[in-house]
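**Student:** Predicted coordinates and the sequence they were generated for:
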Amino acid sequence: MSPAGITITAMGDQHADAVLDIYRLGIASGDATFETEPPTWSAFTATRLPDHRWVAVDAAGRVLGWVACTAVSDRCVYAGVVEHSVYVHPDARGRGVGRALLTSLIAATERAGIWTIQSGVFPENTASLALHAACGFRTVGTRERVGRHHGVWRDVTLIERRSPVVT
């Protein structure tokens, strides 16, 4: 269920500028991703599964956040496993936007037979970890010093949600 005045809709080309701007703001926070710049729209859409990309839009048509996922492997044994990202505009945080986006992603992936949604989150991103826990994700473990970000080694908390309906 979406918060009042917010609609979750399929992400399309008309959302490109807003989606990449929200991504850019997440990158600037320093605790969202190892990326340092958002990709071009064509690169973004080429790597995200078209049936599993959603945006949250307010009554004025502003994009408040987005969620999208990628396949983790082209090997058939991993056909039901995706990795996702969810980003909410800083001005829209704390309003249930992230939860509505994740709920939509979970429903869409389950309808498609996907049994696992996973991600890696910086441990410092406590809001994201709390959101994911509230949506049924569990912590799998921590990859210590897995990558350098702005010259500093960073850990990544691995999280996943196993579908209770896709078996």
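**Tutor:** Arrived safely.

**Student:** List the buried residues for the helix or strand where Ile8 lies?
**Tutor:** In the assignment (DSSP states H and E), Ile8 maps to strand 6-10. When neighbours are counted by 16 or more other Cβ atoms under 10 Å, the buried residues of strand 6-10 are found to be 6, 8. Placement of C-beta: from N, CA and C, glycine included.

**Student:** Bridged to Trp66, which residues?
**Tutor:** Taking DSSP bridges, one obtains Val55, Tyr87 as the residues bridged to Trp66.

**Student:** What residues does it make contact with?
**Tutor:** Contacts were defined as Cβ atoms under 8 Å, 6 or more residues apart in numbering; by that measure Trp66 touches 11, 15, 19, 22-23, 53-56, 86-87, 101.

**Student:** Mind doing that once more with 10 Å?
**Tutor:** When contacts are counted by Cβ atoms under 10 Å, 6 or more residues apart in numbering, Trp66 touches 8, 11, 15, 18-20, 22-23, 26, 48, 53-56, 85-89, 97, 101.

**Student:** What of Thr36?
**Tutor:** Taking Cβ under 10 Å, 6+ apart as the criterion, Thr36 is in contact with 27-28, 149-150.

**Student:** quick check, nearest of those residues to Ala60?
**Tutor:** Using Cβ to Cβ, the shortest approach to Ala60 within the contacts of Thr36 belongs to Ala28, at 23.8 Å.
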